[in-house]
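J.: only geometry, no sequence info:
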């Protein structure tokens, strides 16, 4: 039987706790957190690994690249390079008969090279679960079709008004060349939030193991949420409560460095971190902007319990 790796794929809108959740999961024995692997081909030139080293020089990733490429260290353009080309317009092909053959022809060597890189990452880290917070719907869909990967999806949803407020903040980015993370206007953030959450549910709910969680519920009961995620990743027969979870108490996690590639700079946090609800948007987001975001996203806000119908 060919080797397989379980990929726990985190999807949802940006600024929804996806990176920190992945960082927490990466502390569990048998789990490894790779951050947003979709951006690896670009991050090699400018980014830092979660361990603190320049990504291009990180011993772990140099070893992964060499083993996956059969003894040579491939260039950035080859490294997890499916993320460079997977696009929304390719999604229809992924539902056609003979889709694996069609996609292999469309993506060329990138198709199987990406599978080898995830398998090598799991083998080199001695992990049974690779946690990827790339969030991209087309990329996650393509990963699910690679025969060597068992993709299981965590869909994290956060109040659109909190997301809009987070996109407006200037957030330092010590893990990259840019001084700050990119920002989005409330309209841009709302559109991305709708596409990410509606599209993510339509694509991932029906393709395999899938768990949809609200950020607010995760922040309220983080240990319980992580136990549910572990059960999804390792199978219903596993006893998540017996896993050595990285919690010092019900709300505090002990974070060690991971070999994460890219994502929110929260992936660089180490030491004890208390998980608590971030609802600063209620006092920071101007009322006019709150009303705008609510108007754009209200059907989903109602459905998810953020507004009364």
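T.: Okay, I see it. Everything numeric in this text was worked out from a predicted model, so none of it was measured.
J.: tell me which residues of stretch 152-172 are tucked away?
T.: Residues of stretch 152-172 classed as buried by neighbour count (16 or more other C-beta atoms under 10 Å): 152-168. (C-beta placed from N, C-alpha, C; glycine too.)
J.: Then stretch 39-58?
T.: Buried-residue list, stretch 39-58, by 16+ other C-beta under 10 Å: 39-44, 47-51, 53, 55-56, 58.
J.: How far does that stretch stretch from one end to the other?
T.: Terminal residues of stretch 39-58 are spaced 16 Å apart (C-alpha to C-alpha, to the nearest Å).
J.: confidence score at residue 181?
T.: With respect to pLDDT, residue 181 has a value of 73.
J.: oh, I was asking about residue 236
T.: So residue 236 comes in at 66 (pLDDT).
J.: before we move on, back to that, tell me which of the buried residues of stretch 39-58 fall in helices.
T.: 40-44 (DSSP state H).
J.: okay if I get those residues as TSV plus pLDDT and distance to residue 120?
T.: Output for these, formatted as TSV (pLDDT from 0 to 100; distance: C-beta to C-beta, whole Å):
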residue	pLDDT	distance to residue 120
40	87	13
41	82	16
42	80	20
43	81	18
44	83	16
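J.: From those residues, pick the one nearest residue 276.
T.: residue 43 (29.3 Å; C-beta to C-beta).
J.: Quick check: chain neighbours aside, which residue is closest to that closest one?
T.: Among residues not flanking residue 43 along the chain, residue 262 sits closest, at 4.4 Å (C-beta to C-beta, 6 or more residues apart in numbering).
J.: and if you look at residue 126?
T.: residue 30 (7.8 Å).
J.: tell me the SS of the most centrally placed residue in the chain?
T.: Closest to where the C-alpha atoms of the chain average out (C-alpha atoms, centre = their mean) is residue 133, at 1.0 Å. Classification of residue 133 using DSSP: H, G, I helix; E, B strand; the rest coil returns strand.
J.: wait, doesn't it sit right on residue 18?
T.: Yes: using C-beta atoms under 8 Å, residue 133 is in contact with residue 18, at 4.7 Å.
J.: joint contacts of those two?
T.: Residues touching both residue 133 and residue 18 by C-beta atoms under 8 Å, 6 or more residues apart in numbering: 10, 263.
J.: Can you give me the distance of residue 234 to residue 17?
T.: Separation of residue 234 from residue 17 (C-beta to C-beta, to the nearest Å): 22 Å.
J.: who's more crowded, the two?
T.: residue 17 (27 against 20; other C-beta atoms under 10 Å).
J.: Could you pull up phi and psi at the more buried one?
T.: With angles defined as degrees, to the nearest 10, residue 17 sits at phi 80, psi 10.
J.: Provide a list of residues in contact with it.
T.: Shown in contact with residue 17 (C-beta under 8 Å, 6+ apart): 156, 158, 215, 218-219.
J.: do that again at 10 Å, thanks
T.: Each residue near residue 17 by C-beta atoms under 10 Å, 6 or more residues apart in numbering is listed here: 10, 24, 133, 156-158, 162, 166, 213-216, 218-219, 222, 264, 266, 275, 278.
J.: Among the residues you listed, which ones are in helices?
T.: Judged by DSSP H, the contacts of residue 17 include 24, 162, 166, 215-216, 218-219, 222 as members of helices.
J.: element containing residue 200?
T.: Secondary-structure assignment from DSSP states H and E places residue 200 in helix 186-204.
J.: Check which helices and strands that helix sits against.
T.: Packing partners of helix 186-204 (3 or more C-beta pairs under 10 Å, 6 or more residues apart in numbering; DSSP states H and E): strand 5-12, helix 137-144, strand 149-157, helix 160-168, strand 210-214, helix 287-303.
J.: list the helices and strands the longest one packs on?
T.: Using 3+ C-beta pairs under 10 Å, 6+ apart as the contact test, the elements touching helix 287-303 are helix 160-168, helix 186-204, helix 281-284.
J.: Report the inter-axis angle for the second one versus strand 5-12.
T.: Right, helix 186-204. 140 degrees (axes from the mean of the first three to the mean of the last three C-alpha atoms, to 10 degrees).
J.: Can you point out the buried residues in helix 186-204?
T.: So, applying 16+ other C-beta under 10 Å, buried residues of helix 186-204: 186, 189-190, 192-194, 196-197, 199-201, 203-204.
J.: could I get those residues as TSV with pLDDT?
T.: Formatted as TSV, the buried residues of helix 186-204 follow (pLDDT from 0 to 100):
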residue	pLDDT
186	95
189	96
190	97
192	96
193	98
194	98
196	98
197	98
199	97
200	97
201	97
203	97
204	98
